[in-house]
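Q: Take this sequence and fold it.
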Amino acid sequence: MLMKLFLKLLTSEMTKQLIGLAIRKLLEHKEDGITKDVINVVLDGAVVSKANSLRFSDVISIRKLLG
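A: Numbers count the residues shown, from 1 in each chain. Got it, this is the predicted structure:
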């Protein structure tokens, strides 16, 4: 019940922030983290997707973390 309420209140901007935070945490984790190649593919897919309003300028900070 609480999760359903949370999902209804979740805005697209909040979702973007949560995804960014999750990607940063995965980048920082050396043992269980994901590779930079996977992150780039996910970011590219999210940007070109018509299902959201994410732009290349929205993911610049994450790409800078990738180096």
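Q: Which secondary structure state is assigned to the spatially most central residue of the chain?
A: For the chain, the residue nearest the mean C-alpha position is residue 19 (3.1 Å; CA atoms, centre = their mean). Of the three states, residue 19 takes helix under DSSP: H, G, I helix; E, B strand; the rest coil.
Q: now it: how far from residue 13?
A: 11 Å (CB to CB, to the nearest Å). Every C-beta, even on glycine, is put in place using the N, C-alpha and C of the backbone.
Q: what sits against residue 20?
A: Counting by CB atoms under 8 Å, 6 or more residues apart in numbering, residue 20 makes contact with 61, 62.
Q: Now do it against residue 6, distance only.
A: Taking CB to CB, one finds residue 20 at 18 Å from residue 6.
Q: swap in residue 52?
A: 19 Å.
Q: Also residue 12?
A: Note on residue 12: its distance to residue 6, by CB to CB, is 15 Å.
Q: One more: residue 28?
A: When residue 28 is compared with residue 6 (using CB to CB), they lie 25 Å apart.
Q: Likewise for residue 13?
A: With CB to CB as the criterion, residue 13 and residue 6 are 15 Å apart.
Q: just residue 23 next, same as before
A: In this view, residue 23 and residue 6 are 20 Å apart by CB to CB.
Q: count of neighbours near residue 43?
A: By other CB atoms under 10 Å, 19 other residues sit near residue 43.
Q: same question, the one 4 residues further on
A: Other residues near residue 47 number 14, with proximity taken as other CB under 10 Å.
Q: so what pLDDT did residue 43 get?
A: Residue 43 is assigned 84 on the pLDDT scale.
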